[in-house]
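J.: could you look at this predicted model? Sequence included:
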Amino acid sequence: MKILVIEDEKELQQNIVDSLTKEHFVIETASDFRTASEKLDLYQYDCILLDIMLPQGNGLTLLEELKKQGKAGNVIIISAKDSLDDKLKGLELGADDYLTKPFHLAELTARVKAVLRRNLLDGKNTLEISNLILDLNERTLLINNENVPLNRKEFAILKYFLLNQNRLVTKTALAEHVWGDHIDQSDNFDFIYYQIKNLRKKLQLAAAALEIEAIYGIGYKLVAT
Amino acid sequence: MKLANKSLLYLSVSLFVIIGLWSVVFYFNIQYEIKESVDEGLENYKRQIIYRAEKDPSILDKTNFEEGFFAFKPLSAKEALHFKDRYLDTFMYMQDADDTELELEPVRMLTTAFESNGRFYQLKIINSMVEEDDLVGELLEEALALYFILMASIILINNVVLQRVWKPFYSFLHQLKKYRIGHTEEFPTVNTHTKEFVALQKAVHTLLEQNNKTYEQQKKFIGNASHELQTPLAIMTNKLELLLENSSLQPNQAESIAEIMQLVDRLVRLNKSLLLLSKIENKQFLNNQTVSVNEIVRQNLSDLEELAEYKNITISVIENTELTFFMDHAMANIIIGNLIRNALFHNVTNGNISITLYENQLEIRNSGKPEALLSEKIFSRFYKSEPNSAGIGLGLAIIKAICELYAISIEYHFEKQQHLFRLRFK
C-alpha cells in the first residue's frame, strides 16, 4: 500500500509518516505544490493525504487535476481550515474524506484504512483478527464463528479498535469518533469506561483471543493474545 | 429636562428680571413726565389767576381751597421779593369721582408770590395727581400681561420652530440608539445642512468607524489566533500519541506524558470552541436551509440512547407540532445537541428529561442539581457552575452566540426542581 503525504508543515508530516509506517504502509512525502504535482504525475498511490494550503499553490488545484485523471477517490483532505466552503468544494471534487487539524493519529489511521478498504473491496467487507470477524456490512461480530450481539456503540468502538490494532487509541479520539464532536468531550469519559468494560466482558465470555489494554489512564490499545 | 424646556426656563427667569427692571424705570419716567405736564398746567393756571385777580380783586379774599383749587395769602413786600416759585407734592382731603367720602389724595401744589395793586400776595394752586398706588397697580398688571404674552409666544415659537430645527437631531439620535456595531450596515445620517448637526454627524461617523475597525480586528484576531494554534496543537497531540506508543518508556514517564496529553486535549477543545465562536460571529457558516427541529431532536436522542440507558435516565418527547426553522443545519445541531447532552450529563442517576416541541418553541427539562443555576451568568464565556470541572465553560456561550445570530431567544428557568431551557424560534 503506497501513500503520499502532501503536507508543508515538516513536523506534522513527520508525525503522519511515523504513525503510518507503524501500519506497514509505504509512505512518500511532498512539502510543496510542485513536488506534489510531479509525484502525482509520475506514480500511482493507493491513498493521498492532501493539505489544502501549500507553498506555491492550492491543494484544491491538485485535486482538480486528480479528478480529471479519475484518481480523486482516494484523497483525504487535511486542513487547518475548517471552512464549509473548502470542505464542500473538496468533497465535490471527489475527495473521499476531510480531516480537520488537529486530529488524532487513530482517527487518521481509521480514515486511511477506510479509503484503502473501499478501493480494494472484493465483495466482503470484514475486519478479521485471530478468532474474531467483524462484518461491517452485516454489522455482526463472530467469535469462533459464534454470533456475539453488540449494541451500536460497542460495535463502533470495536471497529475503531480493529482499525487501530496495536495502536494507542485515546479516550478523546474514541469519544470524538463514536459520539461526535461535543464541546465538552470530557463528559463522555465515564461512559466510555463503562462501554469498554461491557465490551471486554463480552469478548472474554466469547473467549476472543484479543484484549483491550488500558494505557496510563489516557486511552486503550487492542492487542491479539 | 428637554433642551427646549431648559432654554425656556432660562428665558422665563431672565425675561422676568428684564421686564421687572424695565417696569421700574418706566414707572419713574412716567411719573416724571406726569409731574412735568402738571407743573406746566399749574404755571398756566398761575398766569390766568393773577390776570383774573387784576380784574376781580374780590377773589383775593379766598384764603383756603374750600371751593377752588387756589388760595391767597397776603405777604409783606420783603417776603414777596425773596419768594421763589415752589412745586410741592402733598396730600389733601378730596373727594374723587371714585370715592364715597373725603380722602387724602396726592396733589401737586405750586406756591408763588405776586403783586397786585401795590400789595403782595402768596398764591397756592393745586392740581390733583395720579394716585401712585393706582399707577403702580396698573403698571404691574401691564407688565405681568406683557410677560405672559411674551412667554406664551416664546413657547409657541419654541414648539413650532425649535421642534422643526431639532427634528434632524432627534432622528439622528433615534438611528444612533438602534445602531449595533458589527450588525448595522449603514451609519446614522443627519438630514440637514445645520452646521452643528453636520459636525456632530462627522464626529459620530469617525467614532463609529474606529469602533467598527477595532471590532473587526478583534474578531479577526480571535479567529486568526485560534487558526494559527491549530497546527502546533496538531503536532503536539500527534507527537505525544507517538511518544506514548514508545515501549521503552518507564511507567512514570508515560503517566506524565498522559497528563500532558490531557492538558493538550483541553487546549485543543478550547481552541476549537474559540474558532467556532469566531466563525459564528463572522457568519462563516451560513448554509441556511429549512431545518426540521423534530428531526434533529430525534437524531440526537438516537445517538445518546446508550448513554441515557447507562445513567438510567428516562427521556420523553412530546411533539405537538412539526417545528421547522430556516437556519444552518450544523448550527441547529450544535444548539439542540449540546442542550440535550447537557441535560444528560448534568443529570442524576435515575433522572428524567422531557423534551416538548410547540409551535415555534422547544423546551428541554431535566432533573439534576436541586438548585437553580445563575441564569444571568451561565451564558457568559468561561463561566463554569462547577469551577473544578474539566469543561471549558464555552458550551452555553456558543449556543447563545448561535441563537443571537438567528434571533432565536433562549432562556433558562428552574421550575419544580427541574432545569428548563426554552428556545423560541421567531
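T.: Sure thing, it's come through.

J.: where does residue 208 sit, in terms of helix or strand?
T.: I'll assume chain A. When secondary structure is defined by DSSP states H and E, A:Ala208 falls outside every helix and strand.

J.: that's the wrong chain, I wanted chain B
T.: Secondary structure (DSSP H and E) places B:Leu208 in helix B:195-244.

J.: B:Ile149 now?
T.: According to DSSP H and E, B:Ile149 maps onto helix B:132-157.

J.: so how far is the next helix or strand along the chain from that helix off the chain centroid?
T.: Downstream of helix B:132-157, the first helix or strand assigned by DSSP H and E is helix B:163-178. Offset of helix B:163-178 from its chain centre (Cα atoms, centre = their mean, to the nearest Å): 13 Å.

J.: pLDDT on stretch B:79-89, on average?
T.: Confidence over stretch B:79-89 (mean pLDDT, whole number) is 84.

J.: name the residues of it that are buried.
T.: B:80, B:83 (16 or more other Cβ atoms under 10 Å in any protein chain shown). Every C-beta, even on glycine, is put in place using the N, C-alpha and C of the backbone.

J.: neighbouring contacts of it?
T.: Contacts to stretch B:79-89, defined as Cβ atoms under 8 Å, 6 or more residues apart in numbering or on different chains, come from residues B:35, B:39, B:42, B:75, B:106-115, B:120-122, B:129.

J.: dump the residue contacts of the residue of the stretch 51-200 of chain B found nearest chain A.
T.: Closest approach of the stretch 51-200 of chain B to chain A (Cβ to the nearest Cβ) occurs at B:Gly182, with a separation of 20.0 Å. For B:Gly182, the contacting residues are B:212, B:215-216, B:219, B:281, by Cβ under 8 Å, 6+ apart.

J.: got it, and A:Thr109?
T.: For A:Thr109, the contact set (Cβ under 8 Å, 6+ apart) comprises A:19-20, A:23, A:163-164, A:167.

J.: can you rerun that using 6 Å?
T.: For A:Thr109, the residues meeting the contact criterion (Cβ atoms under 6 Å, 6 or more residues apart in numbering or on different chains) are A:Asn164.

J.: residue contacts, the residue in chain A positioned nearest to chain B?
T.: For chain A, the nearest residue to chain B under the criterion Cβ to the nearest Cβ is A:Pro102, separated by 3.3 Å. Applying Cβ under 6 Å, 6+ apart to A:Pro102 gives the contacts B:230, B:233-234, B:237, B:268.

J.: can I get those residues in CSV with pLDDT, neighbour count and distance to chain A?
T.: As requested, the contacts of A:Pro102 are arranged in CSV below (pLDDT from 0 to 100; neighbours: other Cβ atoms under 10 Å in any protein chain shown; distance: Cβ to the nearest Cβ, whole Å):
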residue, pLDDT, neighbour count, distance to chain A
B:Gln230, 87, 20, 4
B:Leu233, 92, 21, 5
B:Ala234, 90, 23, 3
B:Thr237, 92, 24, 5
B:Val268, 89, 22, 5
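
J.: can I assume A:Val178 is in contact with A:Ala156?
T.: Yes. In this structure A:Val178 lies within contact range of A:Ala156 using Cβ atoms under 6 Å: 4.8 Å.

J.: give me the more crowded residue out of the two.
T.: When neighbours are counted by other Cβ atoms under 10 Å in any protein chain shown, A:Val178 comes out ahead of the other of A:Val178 and A:Ala156, with 21 against 17.

J.: re the thing from before, how about the residue of chain A closest to chain B, secondary structure?
T.: Here A:Pro102 takes the coil state, with states given by DSSP: H, G, I helix; E, B strand; the rest coil.

J.: give me the pLDDT for it.
T.: Reading off the per-residue confidence, A:Pro102 sits at a pLDDT of 87.

J.: how much space between the residue lying closest to it once chain neighbours are set aside and B:Leu301?
T.: Setting aside the residues directly before and after it, A:Pro102 is nearest to B:Ala234 in space (Cβ to Cβ, 6 or more residues apart in numbering or on different chains), at 3.3 Å. The gap separating B:Ala234 from B:Leu301 is 33 Å, by Cβ to Cβ, to the nearest Å.

J.: does the strand or helix carrying B:Ile398 reach chain A?
T.: Counting by DSSP H and E, the element that carries B:Ile398 is helix B:395-405. Yes. Contact between helix B:395-405 and chain A, assessed by Cβ under 6 Å from any Cβ of the partner chain, occurs at B:Gly395.
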